[in-house]
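**Q** sequence and predicted structure, then a few things I'm wondering about:
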There are 2 protein chains.
Amino acid sequence: MPNPSFLGSTFPLIQAPMAGVQGHALAAAVCNAGGLGSIPAAMLSLEALRNELTQLTALTHKPYNVNFFCHTPPQPDPQCEAGWQQALSPFYEELGLSLADIVPGPGRAPFSEAVADVVEAFKPAVMSFHFGLPPDALLTRVKSWGSLVLASATTVEEALWLQAHGADAIIAQGLEAGGHRGIFLSDDLTTQVGTMVLVPQIVRAVRVPVIAAGGIADVQGVAAAMAVGASAVQIGTAYMCCPEATTSALHRAVLQSADARQTALTNLFTGRPARGIMNRLMRELGTLSPTAPAFPLAASAIAPLRARAESLGRTDFTPLWSGQNASQCQPVPAADLTRALADGLVR
Amino acid sequence: MPNPSFLGSTFPLIQAPMAGVQGHALAAAVCNAGGLGSIPAAMLSLEALRNELTQLTALTHKPYNVNFFCHTPPQPDPQCEAGWQQALSPFYEELGLSLADIVPGPGRAPFSEAVADVVEAFKPAVMSFHFGLPPDALLTRVKSWGSLVLASATTVEEALWLQAHGADAIIAQGLEAGGHRGIFLSDDLTTQVGTMVLVPQIVRAVRVPVIAAGGIADVQGVAAAMAVGASAVQIGTAYMCCPEATTSALHRAVLQSADARQTALTNLFTGRPARGIMNRLMRELGTLSPTAPAFPLAASAIAPLRARAESLGRTDFTPLWSGQNASQCQPVPAADLTRALADGLVR
């Protein structure tokens, strides 16, 4: 049995937190196989979060990670909302929906003292943050109960900022990664580079361990990440078709199709750029639209379209989150996948 | 002394052909250090090509590569040209230039029988092609004199097409790469993925050797490329500040500045998407413009702007070609760089 990695897990391999497509079942399976499973908490109510952590800790005694967002909630902008609804109105009409069906609201809340109250009872071995870090006092509280703090950087500048503000390790999120870009010091996407480029630059710049994320989906990818200096890897997309994931059947089918070879960064689904598989909404509105309200407000007006279209078996309005490398998405048990990927760590 | 690689060079390491920033001096230095130096021929007249090859072969007896483009020249479209000139006219006015200064013409010609007549006298060990392959009869002629034929693929589909049409090895050009995307079966940039994603997918799909290109700039990057299954690497940007390169002083300065961390694919300089460092033209017109004429016609109207601005010490209109990883650009001799990079091949 190898020594525990700096993450506390047997292998320095994190199952990426993926809101909406997985919960405690996937995380527990990964933990019990020696990886570090993750609970994505950004879209969970306090009660749902407590429930997830209770179920997870019933299924595993191994270390695990809980992931949160650290955005600043925007002020709603009625004019912007109106413009967004106008842009979407032809789709509402086509699907027989009314703009009155929209339930406004953020949908995703940042990490807060109230969330910390829930988490404290569980004292997770690892906590990871996206879009920066919590305010100093809140971060101090998190660290007081012993959690190792990880945070995502998409540039060298962000890595240095996170290290200066208390991150114990940096997740270097390469441009290949699926879901939301962690970018938080800028909104200029020309700063975003591939994993193989980003990891060694951050390794040279910081003194804390660096975790490679983005485009890693098989044993060779893991070995490549370690070759460029990573101390661990974080892998998401490859887990999305595991039976323990909650990925919808529609999403699974697209992930395993040739369509998954075409992804783009889009702000249409939430207001922040995130990588997903191209679909109708992205093609018709353009992947990056100045009309979309600020994160996370864009999501509200998409929800009715998505629900109706999915009920008809269509993914036209579904955020089909995926990294660039869905080539390895297969319905294999998460434990098998974890052990197979871990072979790349020791080459 | 290791056995020659499948490329004929000591190391399976190609110095990427980079039109406009290098010629025989860089190629010869790389060849003599054990790599495969390249002559970029796409912008050379027949006489200039003959001259380059004559000078190269006077400097080295090692195998070398000559690179050509295989695009289909477009029909000039007067309406499109007028629109492009209109879009650029504020810059012409600002710099005191006249649109009458524009010298129309393609600037870049595809590989042809006339070019082959020049090349045949030299029978290069390796020839590489971008944007597909020459027509069958011409490719047969090239192969008849013994050249190993390489060609760039940016997707699995392109790799399979190139293999079926006679390529002896595939250059898997990841999204991180500088200069022109080799994309030729589609113009949909959502198909373009990072090197670490692309290489293993192509390795699984074809039976010929695969050469990794894009974002590889140091010994760790080389090792990572080999870890994902590459048989060789092609490295461009890292060579751009070598004394043997002909990169302008302005371009060298930007490559070695923090500005080099921001690159994008742009069609403004030639009409085809190519990666370069963000500059004023890209910021003001948008990196990908529907107004730019078809490749290579967009270049003509840029040339006077570039020349005038450069004479004033400004790179506002210069195509600052660079991959995403300019972090290693240093004024080191190409032989030293080649040997340092080669250490990553044998880890």
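**A** Now that the structure is in, tell me what you want to look at.
**Q** continuing past the top helix by length along chain A, what's the next helix or strand?
**A** Determined from DSSP state H, the single longest helix within chain A is helix A:78-94. Going down the chain from helix A:78-94, the next helix or strand is helix A:113-120, by DSSP states H and E.
**Q** where does that next one sit relative to the chain's centre, distance-wise?
**A** With Cα atoms, centre = their mean, to the nearest Å as the basis, helix A:113-120 stands 20 Å off its chain's centre.
**Q** what packs against it?
**A** Of the remaining helices and strands, those touching helix A:113-120 by 3 or more Cβ pairs under 8 Å, 6 or more residues apart in numbering or on different chains; DSSP states H and E are helix A:46-59, helix A:136-144. Backbone N, C-alpha and C define where each C-beta goes, glycine included.
**Q** chain B is nearest to which of those?
**A** Nearest to chain B, of all those, is helix A:136-144, at 27.4 Å by Cβ to the nearest Cβ.
**Q** what mean pLDDT does the next helix-or-strand element following that closest one have?
**A** The helix or strand immediately downstream of helix A:136-144 is strand A:148-153, counting by DSSP H and E. Averaging pLDDT along strand A:148-153 gives 98.
**Q** does strand A:148-153 reach chain B?
**A** No. Strand A:148-153 lies apart from chain B when judged by Cβ under 8 Å from any Cβ of the partner chain; the minimum separation is 13.0 Å.
**Q** what sits up against that strand?
**A** Here strand A:148-153 makes contact (Cβ atoms under 8 Å, 6 or more residues apart in numbering or on different chains) with A:6-8, A:65, A:125-133, A:139, A:142-143, A:158-159, A:161-162, A:166-173, A:182, A:202, A:211, A:213.
**Q** what packs against whichever helix or strand comes after that strand?
**A** As assigned by DSSP H and E, the chain's next helix or strand after strand A:148-153 is helix A:156-164. Contacts defined by 3+ Cβ pairs under 8 Å, 6+ apart place helix A:156-164 against strand A:148-153, strand A:169-173, helix A:195-205.
**Q** please parse chain A into its domains.
**A** As assigned by automatic domain parsing, chain A contains the domains A:1-71+A:108-250+A:329-347, A:74-106+A:257-325.
**Q** okay, now stretch A:116-135: how far is its last residue from its first?
**A** End-to-end distance for stretch A:116-135, by Cα to Cα, to the nearest Å: 12 Å.
**Q** and it, what's buried?
**A** A:116, A:118-119, A:122, A:124-134 (16 or more other Cβ atoms under 10 Å in any protein chain shown).
**Q** from these, which land in helices?
**A** Among those, the members found in helices (DSSP H) are A:A116, A:V118, A:V119.
**Q** adding pLDDT and distance to B:I14, write the residues you listed out as a markdown table.
**A** As requested, those are exported to a markdown table (pLDDT from 0 to 100; distance: Cβ to Cβ, whole Å):
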| residue | pLDDT | distance to B:I14 |
| --- | --- | --- |
| A:A116 | 98 | 53 |
| A:V118 | 98 | 55 |
| A:V119 | 98 | 51 |
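**Q** can I get the residues you listed in JSON lines with distance to B:S322?
**A** Converted to JSON lines, these look like this (distance: Cβ to Cβ, whole Å):
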{"residue": "A:A116", "distance to B:S322": "44"}
{"residue": "A:V118", "distance to B:S322": "47"}
{"residue": "A:V119", "distance to B:S322": "44"}
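**Q** what is the nearest of these to A:R339?
**A** Using Cβ to Cβ, A:V119 comes nearest to A:R339 of those, at 28.9 Å.
**Q** which parts of chain A sit against chain B?
**A** Counting by Cβ under 8 Å from any Cβ, chain A sits next to chain B at A:155-156, A:174-176, A:188, A:190-191, A:193-197, A:200-201, A:214-218, A:220-221, A:223-229, A:261-264, A:278, A:287, A:323-325, A:327, A:347.
**Q** in helices, which of those residues appear?
**A** Judged by DSSP H, the residues of chain A next to chain B include A:156, A:195-197, A:200-201, A:220-221, A:223-227 as members of helices.
**Q** got TSV for these, with distance to B:L305, pLDDT and neighbour count too?
**A** Below are these laid out as TSV (distance: Cβ to Cβ, whole Å; pLDDT from 0 to 100; neighbours: other Cβ atoms under 10 Å in any protein chain shown):
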residue	distance to B:L305	pLDDT	neighbour count
A:V156	32	97	20
A:T195	36	97	33
A:M196	34	95	36
A:V197	30	96	30
A:P200	36	95	27
A:Q201	33	95	24
A:Q220	45	93	23
A:G221	43	95	30
A:A223	46	95	22
A:A224	41	96	35
A:A225	42	97	33
A:M226	46	96	23
A:A227	42	95	26
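**Q** may I see the residues you listed organised as TSV, with distance to A:L297 added?
**A** Below are those laid out as TSV (distance: Cβ to Cβ, whole Å):
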residue	distance to A:L297
A:V156	30
A:T195	30
A:M196	34
A:V197	32
A:P200	37
A:Q201	33
A:Q220	40
A:G221	35
A:A223	41
A:A224	38
A:A225	35
A:M226	39
A:A227	41
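**Q** show me the contacts for A:G35.
**A** Taking Cβ under 8 Å, 6+ apart, we find A:G35 in contact with A:S9, A:T10, A:F11, A:L13, A:I14, A:Q15, A:T338, A:L341, A:A342.
**Q** give me the nearest residue to A:R261, chain neighbours excluded.
**A** B:T191 (6.2 Å; Cβ to Cβ, 6 or more residues apart in numbering or on different chains).
**Q** actually A:Q85, not the one I typed
**A** A:Q85 sits nearest to A:L99 (Cβ to Cβ, 6+ apart), 5.2 Å away.
**Q** ok, how many other residues are close to that neighbour?
**A** Neighbour count for A:L99, taken as other Cβ atoms under 10 Å in any protein chain shown: 14.
**Q** do the same with the one 5 residues further on
**A** With neighbours defined by other Cβ under 10 Å, the count for A:P104 comes to 10.
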